[in-house]
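S.K.: I'd like to go over a predicted model; first the sequence, then the structure.
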Amino acid sequence: MDTTTTLLVTGAVVAEVLLAVALVLLVRLVRTRRALRRAGLPTGPRWVFWGAVAYLLLPTDLLPDPIYLDDIAVLLLALRSLRTPRPLPPDATES
């Protein structure tokens, strides 16, 4: 195997690993949002969730698609925004 083939194989493996990480984060994001909604807790702005999903699926990215680092960052930020504590609405605190 020459150097070019080795670099191509290594790049393909790295791209597959990054895609797998992005997909795992997408699943975690969807499950977290679903669990929060089932529990009756606020899930934050809906546009954060759908924006992160759209960013992963749309072909336009900050970095080319074999490099999923920007997609992973967007998904992590969306997951973090869902998990940040928010005050309950005023009607939920009344007994």
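M.R.: Cool, got the structure. Residues are numbered from 1 along each chain as shown.
S.K.: centroid residue for the protein?
M.R.: For the chain, the residue nearest the mean C-alpha position is L75 (2.1 Å; Cα atoms, centre = their mean).
S.K.: three-state assignment of that one?
M.R.: Classification of L75 by DSSP: H, G, I helix; E, B strand; the rest coil places it in helix.
S.K.: What are the boundaries of the strands in the protein?
M.R.: With DSSP state E as the criterion, the chain has no strands.
S.K.: Just give me the longest helix of it.
M.R.: For the chain, the helix with the greatest residue count under DSSP state H is helix 3-38.
S.K.: Surely the residue nearest to the centre of the chain touches G51?
M.R.: No: with contact defined as Cβ atoms under 8 Å, L75 does not reach G51; the gap is 10.5 Å. The C-beta positions use only the backbone N, C-alpha and C, and glycine is treated the same way.
S.K.: show me what contacts the residue nearest to the centre of the chain?
M.R.: Neighbour list for L75: 22, 25-26, 29, 52, 56 [criterion: Cβ atoms under 8 Å, 6 or more residues apart in numbering].
S.K.: any idea which of these is least confident?
M.R.: Lowest pLDDT of the contacts of L75: L56, 80.
S.K.: Count residues in the vicinity of the nearest residue to that one once chain neighbours are set aside, would you?
M.R.: Leaving aside its sequence neighbours, L56 sits nearest to D71 (Cβ to Cβ, 6 or more residues apart in numbering; 5.0 Å). Counted with other Cβ atoms under 10 Å, the neighbours of D71 add up to 25.
S.K.: D71 contacts Y55, correct?
M.R.: Yes: counting by Cβ under 8 Å, D71 touches Y55, with 6.5 Å between them.
S.K.: what's the overlap in contacts for those two?
M.R.: D61.
S.K.: Save the contacts of L75 as TSV, and put in distance to T4 too.
M.R.: As requested, those are exported to TSV (distance: Cβ to Cβ, whole Å):
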residue	distance to T4
A22	27
L25	32
L26	33
L29	37
A52	36
L56	30
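S.K.: Going by distance to R46, which of those residues wins?
M.R.: A52 (11.1 Å; Cβ to Cβ).
S.K.: For that closest one, list the residues it contacts.
M.R.: Here A52 is in contact with 29, 74-75, 77-78 (Cβ under 8 Å, 6+ apart).
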